[in-house]
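[1] predicted coordinates and the sequence they were generated for:
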Amino acid sequence: MASEPISKLLGENAELWPLAQRLERIKRLQRRYRTLAPEQLAEAIRVCAIDGTTIVVLATSGPVAAALRQIAPRLLEGLRESARKSSKHSGDQELTSIRIEV
């Protein structure tokens, strides 16, 4: 049996297309996040989901989560501002909060 990349399979299957689009949006937000967050936090946190208008972020530890909570408003505004500049992904402007999980 030949193996194919999962991204190719997701893109080819119409039933999985919504999932593929959601994963692509998460990847896009993760890339933007890495450009906005301080280097130490960028390595210790991962955007893991989008729940309605909330970005769900997974932190590697409690102290990392506490540090992220301090700068979360600035990060959220940065993510929304970068979405405003890109007319292609205007749905990211609707993000209203960041939920941090450990």
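    Now that the structure is in, tell me what you want to look at.
[2] mind listing the helices in the protein by residue range?
    For the chain, applying DSSP state H gives helices covering 6-12, 17-36, 39-44, 62-85.
[3] hey, least reliable of the ones you listed by pLDDT?
    Lowest mean pLDDT of these: helix 6-12, a mean of 70.
[4] and the nearest residue to Ala49 once chain neighbours are set aside, bridged to which residues?
    What sits nearest to Ala49 in space, not counting adjacent residues and going by CB to CB, 6 or more residues apart in numbering, is Val56, at 4.0 Å. Where you see a C-beta, it was placed from the backbone N, CA and C, and this is true even at glycine. Going by DSSP bridges, Val56 is paired in beta bridges with Ala49, Arg99.
[5] residues in contact with Val56?
    47-50, 98-99, 101 (CB atoms under 8 Å, 6 or more residues apart in numbering).
[6] and it, how far from Glu15?
    Computed as CB to CB, to the nearest Å, the Val56 to Glu15 distance reads 24 Å.
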